[in-house]
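Engineer: When you get a sec, could you give me coordinates for this:
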Amino acid sequence: LERSGETIVLRRSKTFIFILLGLLVVRLLLHDVVEQSITIPQTGGLFFILAFGMILVWRIAMLRAYIKLKREIDLQDTGLSN
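Structural biologist: All right, here's what the predicted structure looks like:
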């Protein structure tokens, strides 16, 4: 996240695609290993819970970063008006 004028915008990450591909490879490797121990529906449920948990943690981290940046901007704005 970064400030662009009066708004806060999300900056694109150049490493995003590599992280995404790495996670796909790890998922495919783990899928074969896990599939040997549990059934296909259980595997689907397990990977859904993992994916949801990762997205939830990521979004909470983004919210915390946004709130921190917003608080810093508000402090700068009130400091300039005094």
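Engineer: for the helix or strand hosting residue 79, packing partners?
Structural biologist: Per DSSP states H and E, residue 79 falls inside helix 40-81. Judged by 3 or more Cβ pairs under 8 Å, 6 or more residues apart in numbering; DSSP states H and E, the packing partners of helix 40-81 are strand 2-4, strand 7-9, helix 16-35. For glycine as for every other residue, the C-beta is placed from the backbone atoms N, C-alpha and C.
Engineer: please redo it, this time with the cut-off set to 6 Å
Structural biologist: Packing contacts for helix 40-81, counted by 3 or more Cβ pairs under 6 Å, 6 or more residues apart in numbering; DSSP states H and E, involve no helix or strand.
Engineer: Mind checking the pLDDT average for it?
Structural biologist: Averaging pLDDT along helix 40-81 gives 87.
Engineer: next one: it to chain centre, how far?
Structural biologist: Centroid separation for helix 40-81 versus its chain: 6 Å, with Cα atoms, centre = their mean, to the nearest Å.
Engineer: relative to helix 16-35, how tilted is that helix?
Structural biologist: With axes from the mean of the first three to the mean of the last three Cα atoms, to 10 degrees defining the directions, helix 40-81 sits at 150 degrees from helix 16-35.
Engineer: Contacts for stretch 62-78, please.
Structural biologist: By Cβ atoms under 6 Å, 6 or more residues apart in numbering, the residues outside stretch 62-78 that reach it are 1, 8.
Engineer: mind saving the C-alpha coords of that stretch as PDB?
Structural biologist: What follows is stretch 62-78 as a C-alpha-only set of coordinates in PDB (Å, rounded to 0.1, in the frame of the first residue of the first chain):
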ATOM      1  CA  MET A  62      -3.700  -5.700   4.300                       C
ATOM      2  CA  LEU A  63      -6.300  -4.200   6.600                       C
ATOM      3  CA  ARG A  64      -3.800  -3.600   9.300                       C
ATOM      4  CA  ALA A  65      -1.300  -2.000   6.900                       C
ATOM      5  CA  TYR A  66      -4.100   0.200   5.500                       C
ATOM      6  CA  ILE A  67      -5.100   1.300   9.000                       C
ATOM      7  CA  LYS A  68      -1.500   2.000   9.900                       C
ATOM      8  CA  LEU A  69      -0.900   4.100   6.800                       C
ATOM      9  CA  LYS A  70      -4.200   5.900   7.200                       C
ATOM     10  CA  ARG A  71      -3.300   6.800  10.800                       C
ATOM     11  CA  GLU A  72       0.100   8.100   9.700                       C
ATOM     12  CA  ILE A  73      -1.500  10.200   7.000                       C
ATOM     13  CA  ASP A  74      -4.100  11.600   9.500                       C
ATOM     14  CA  LEU A  75      -1.300  12.500  11.900                       C
ATOM     15  CA  GLN A  76       0.600  14.300   9.100                       C
ATOM     16  CA  ASP A  77      -2.500  16.200   8.100                       C
ATOM     17  CA  THR A  78      -3.300  17.300  11.600                       C
END
